[in-house]
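A.B. asks: what would the 3D arrangement of this be:
(chains A and B)
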2 protein chains.
Amino acid sequence: MRAAMMYGAGDVRTEHRPDPKIQQPTDAVVRTVLSCVCGSDLWPYRSLPATDTGRPMGHEFLGVVEETGSDVSGLKAGDLVVAPFTYCDNTCDYCAKGLHFSCRRGGRYGFDGVDGGQGEAVRVPQADGTLVKLPVDADSALLPSLLTLSDVMGTGHHGAVTAGVGRGDCVLVVGDGAVGLCAVIAAERLGAERIVLMGRHQARTDLGREFGATDVVAERGEEGVARVRELTGGDGVDKVIEAVGTRQTLQTALAAVVDGGTISRLGVPQYEEGPLGPSTIMRNITLTGGASPARAYIEELMPDVLDGVIAPGRVFDRSFTVDQAPDAYRAMADRRVLKSLITF
Amino acid sequence: MRAAMMYGAGDVRTEHRPDPKIQQPTDAVVRTVLSCVCGSDLWPYRSLPATDTGRPMGHEFLGVVEETGSDVSGLKAGDLVVAPFTYCDNTCDYCAKGLHFSCRRGGRYGFDGVDGGQGEAVRVPQADGTLVKLPVDADSALLPSLLTLSDVMGTGHHGAVTAGVGRGDCVLVVGDGAVGLCAVIAAERLGAERIVLMGRHQARTDLGREFGATDVVAERGEEGVARVRELTGGDGVDKVIEAVGTRQTLQTALAAVVDGGTISRLGVPQYEEGPLGPSTIMRNITLTGGASPARAYIEELMPDVLDGVIAPGRVFDRSFTVDQAPDAYRAMADRRVLKSLITF
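C.D. replies: Numbering: from 1, shown residues only, chains lettered A, B, ... in the order given. Reported below is the predicted structural model:
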């Protein structure tokens, strides 16, 4: 099969790799139909030290079950399925608490001998727990939106859920990347009254407005905070979904949130230390969020995708074949593309 | 009147000060019956730069209403009342959300011309919103426990509430000071099944056990974390109430909490920066807590004090007269006393 491999910063190659085979009775092999590049794939794309042994890339995919291990009972060859971005048994105590990212039998694609999602086929461990059947055909126009349940839409939703977004809230979404835009969808879906989207790429913020953003703030840093506070009568927003992950965006979130407010962090922090001094205590600020338990949210979000209530697949603004994976990365890294779809 | 004033680190003096008078129609003057020294008073006691103009000290007190302003309708001279540690109108939007510390008309004792609580009388702004009548006589044996509703018990309760402590939880309380011990009471009261108290002063941890701690860990740092993890089968505790405020205790909290767990910070941070890197995201850790809206909790906690269900007044292990205020501070700073009561 052909699959995208990363050999170091800026060095993605599509290569021939051995076809995956069932190794454990709980495995399934999935023939990939759609995959995509994640914002988090761009961090190694910018920083991975060069290596002779490439890393299989990708963790968002949907496809058709080709073969199942002897212990897999809920799936059969021919099923169209979506895979959350980590595999999990969906039965352990962590999964039961909605912490699928911490599953006791879970793990990540592309590591420990498991294929990446940006290849023609993937051996999926814990297939019964991980894979969710899609009630559409493989040529459905809904596939891109269903693919987002693998990660980006579930991550945006996790931000809104952990921030506690509810009816009437004023929510700030920091970042107009695909996660930020899905967070706008999620905040709107959970009843937020006002959604301020902070971003400076007009095509993206325009899509954000279509997704439900009521205001756009193009300014950054102190100027951006001043603008957000102005929009909220001076007090700041009830909830912030921080979908970038830099120190500056965290500081923006802290400065823009109301006393007693909540900040949900979704972006992988590009910092080790952050502001946690007395003012965060005096202001009763809550910092929450984290890696989304995407599996936990698929059943909740899928009906809205199927009914056309939400269309998160609109974040894909360009399609590449797996052979074009290097271009798919480059286009996203250069910010020419919001989110790259990969076809097979 | 006589009142405790601080002139710099280690320099507390009991002095004669002008008797407070009504200044605003919403004021009341309270003749103090009981006051005490707070752990947070020890930070300036260790670090306040020397000054010629002393700072009135104290923010926890109960007493008898002596006089009320013309707009005060809910109180009259002779009422025995407890004061939460900040004054507030109890009606603004922040107060309505349970954020009395951020009240729009609120403020702190000892600042902006308002008396401290460690004096014979206090002018209390926003008296109707701030003061809560006590249904006991001024010689009741319950007064020390009722005094804790002013701050320390409400603060421990805030830790348990914001950490989301509920039935069956395993809770770690870091710190065997008066706040930590009140957090043990609060966690037990909210249904925690297991309460691990981290502290090394046996008299204090013994009291913690009487308050409901099921386990005591005397070790600190990595050794303490290992011990807590051992007690919890390796996974860590569901909730942490961090009642110290050093960087080390925050790190202990982060290392001891289970994936998906919550840390509530009560201790005023003695740090500006803290660990907020990728692992806190990957593990879905929530950091919450802050300055307690003590006023918000008085009605909830008082019945349990009156019924003897909780006895937080046991944290006071020595009594001083206001003239002995310098000793009251020194004894606490030297850790000879857990919490100093001040009488008049």
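
A.B. asks: give the contact list for the nearest residue to A:R200 once chain neighbours are set aside.
C.D. replies: The spatially closest residue to A:R200, leaving aside those adjacent along the chain, is A:A218, at 4.6 Å (C-beta to C-beta, 6 or more residues apart in numbering or on different chains). Every residue, glycine included, has its C-beta placed from N, CA and C. Contact criterion C-beta atoms under 8 Å, 6 or more residues apart in numbering or on different chains gives A:198-200, A:205 as the residues in contact with A:A218.

A.B. asks: I'd like those residues as CSV, with secondary structure and neighbour count appended.
C.D. replies: Rendered in CSV, the data for these read as follows (DSSP: H, G, I helix; E, B strand; the rest coil; neighbours: other C-beta atoms under 10 Å in any protein chain shown):
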residue, secondary structure, neighbour count
A:M198, strand, 31
A:G199, coil, 25
A:R200, coil, 13
A:T205, helix, 22
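
A.B. asks: redo those residues as TSV? Include distance to B:R283 and pLDDT.
C.D. replies: Converted to TSV, the contacts of A:A218 look like this (distance: C-beta to C-beta, whole Å; pLDDT from 0 to 100):
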residue	distance to B:R283	pLDDT
A:M198	26	98
A:G199	28	98
A:R200	32	96
A:T205	32	98
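
A.B. asks: tell me the residues of chain A that contact chain B?
C.D. replies: Neighbours of chain B within chain A, by C-beta under 8 Å from any C-beta of the partner chain: A:94, A:97-99, A:101-102, A:162, A:250, A:259-260, A:265, A:268-269, A:271-278, A:280-291.

A.B. asks: which of those residues are buried?
C.D. replies: Buried by 16 or more other C-beta atoms under 10 Å in any protein chain shown: A:94, A:97-99, A:101-102, A:162, A:250, A:259-260, A:265, A:268-269, A:274-276, A:278, A:280-281, A:283-291, out of the residues of chain A next to chain B.

A.B. asks: strands along the stretch 101-250 of chain A, start to end?
C.D. replies: Residue ranges of the strands in the stretch 101-250 of chain A, as given by DSSP state E, counting those that start in this stretch, are A:107-108, A:121-124, A:132-133, A:170-174, A:194-198, A:215-217, A:237-242.

A.B. asks: from the contact counts, what lies against the longest one?
C.D. replies: Helices and strands touching strand A:237-242, by 3 or more C-beta pairs under 8 Å, 6 or more residues apart in numbering or on different chains; DSSP states H and E, are helix A:152-162, strand A:170-174, helix A:178-189, helix A:247-256, strand A:257-265.

A.B. asks: change it to 7 Å
C.D. replies: strand A:170-174, helix A:247-256, strand A:257-265 (3 or more C-beta pairs under 7 Å, 6 or more residues apart in numbering or on different chains; DSSP states H and E).

A.B. asks: how far off strand A:257-265 does the longest one point, in degrees?
C.D. replies: Direction vectors for helix A:247-256 and strand A:257-265, defined by axes from the mean of the first three to the mean of the last three C-alpha atoms, to 10 degrees, enclose an angle of 140 degrees.

A.B. asks: any buried residues in helix A:247-256, and which?
C.D. replies: A:247, A:249-250, A:252-256.

A.B. asks: so what touches it?
C.D. replies: Contacting residues not belonging to helix A:247-256 are listed as A:172, A:174-175, A:221, A:224-225, A:228-229, A:236-237, A:240, A:242, A:263, A:271, A:274-275, A:280, A:285 [C-beta atoms under 7 Å, 6 or more residues apart in numbering or on different chains].

A.B. asks: repeat the analysis, applying 8 Å as the threshold.
C.D. replies: A:172, A:174-175, A:198, A:220-222, A:224-225, A:228-229, A:236-237, A:240, A:242, A:263, A:265, A:267, A:269-271, A:274-275, A:280, A:285, B:276.

A.B. asks: check which helix or strand covers A:N90.
C.D. replies: Element membership of A:N90, judged by DSSP states H and E, is empty: it is in no helix or strand.

A.B. asks: isn't it up against A:R295?
C.D. replies: Yes - using C-beta atoms under 8 Å, A:N90 is in contact with A:R295, at 6.0 Å.

A.B. asks: filter the buried ones among the residues of chain A next to chain B down to just the ones in helices.
C.D. replies: A:94, A:162, A:250, A:278, A:280-281 (DSSP state H).

A.B. asks: make JSON lines out of the helices and strands packed on strand A:237-242 and add mean pLDDT.
C.D. replies: Written out in JSON lines, the entries for the helices and strands packed on strand A:237-242 read as follows (pLDDT from 0 to 100):
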{"stretch": "strand A:170-174", "mean pLDDT": "98"}
{"stretch": "helix A:247-256", "mean pLDDT": "97"}
{"stretch": "strand A:257-265", "mean pLDDT": "97"}
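
A.B. asks: how close does the residue most central in space within chain A get to A:L181?
C.D. replies: Per C-alpha atoms, centre = their mean, the C-alpha nearest to the average position across chain A is that of A:V152, at 2.5 Å. As defined by C-beta to C-beta, to the nearest Å, A:V152 lies at a distance of 9 Å from A:L181.

A.B. asks: identify the contacts common to those two.
C.D. replies: A:312, A:315.

A.B. asks: how about the nearest residue to A:H201, chain neighbours excluded?
C.D. replies: Using C-beta to C-beta, 6+ apart, the closest residue to A:H201 is A:D176 (5.5 Å).

A.B. asks: and what of A:Y94?
C.D. replies: The spatially closest residue to A:Y94, leaving aside those adjacent along the chain, is A:S102, at 4.4 Å (C-beta to C-beta, 6+ apart).

A.B. asks: quick one: residues contacting that neighbour.
C.D. replies: Each residue near A:S102 by C-beta under 8 Å, 6+ apart is listed here: A:94, B:259-260, B:283-284.

A.B. asks: what is the most widely separated pair among these?
C.D. replies: Greatest spatial distance among the contacts of A:S102 (C-beta to C-beta): A:Y94 and B:R283, at 10.7 Å.

A.B. asks: who touches both of those two?
C.D. replies: A:102, B:259-260.

A.B. asks: reformat those as JSON lines; add distance to B:E300.
C.D. replies: Shown next, in JSON lines, are the shared contacts of A:Y94 and B:R283 (distance: C-beta to C-beta, whole Å):
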{"residue": "A:S102", "distance to B:E300": "34"}
{"residue": "B:D259", "distance to B:E300": "31"}
{"residue": "B:G260", "distance to B:E300": "27"}
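
A.B. asks: report the buried residues of stretch A:140-159.
C.D. replies: Residues of stretch A:140-159 classed as buried: A:142-159 (neighbour count, 16+ other C-beta under 10 Å).

A.B. asks: then it to PDB, C-alphas only?
C.D. replies: Output of stretch A:140-159 as PDB, limited to C-alpha atoms (Å, rounded to 0.1, in the frame of the first residue of the first chain):
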ATOM      1  CA  SER A 140     -22.000   9.900   0.200                       C
ATOM      2  CA  ALA A 141     -21.500  13.700  -0.100                       C
ATOM      3  CA  LEU A 142     -21.500  13.700   3.700                       C
ATOM      4  CA  LEU A 143     -18.200  11.800   4.000                       C
ATOM      5  CA  PRO A 144     -16.000  14.800   4.600                       C
ATOM      6  CA  SER A 145     -18.300  16.000   7.400                       C
ATOM      7  CA  LEU A 146     -18.300  12.500   8.900                       C
ATOM      8  CA  LEU A 147     -14.600  12.300   8.700                       C
ATOM      9  CA  THR A 148     -14.400  15.300  11.000                       C
ATOM     10  CA  LEU A 149     -15.900  13.200  13.700                       C
ATOM     11  CA  SER A 150     -12.500  11.400  13.800                       C
ATOM     12  CA  ASP A 151     -10.900  14.400  15.400                       C
ATOM     13  CA  VAL A 152     -11.400  18.000  14.500                       C
ATOM     14  CA  MET A 153     -15.200  18.300  15.100                       C
ATOM     15  CA  GLY A 154     -14.900  16.200  18.200                       C
ATOM     16  CA  THR A 155     -12.100  18.400  19.400                       C
ATOM     17  CA  GLY A 156     -14.000  21.600  18.900                       C
ATOM     18  CA  HIS A 157     -16.900  20.000  20.700                       C
ATOM     19  CA  HIS A 158     -14.700  18.900  23.600                       C
ATOM     20  CA  GLY A 159     -13.600  22.600  23.900                       C
END
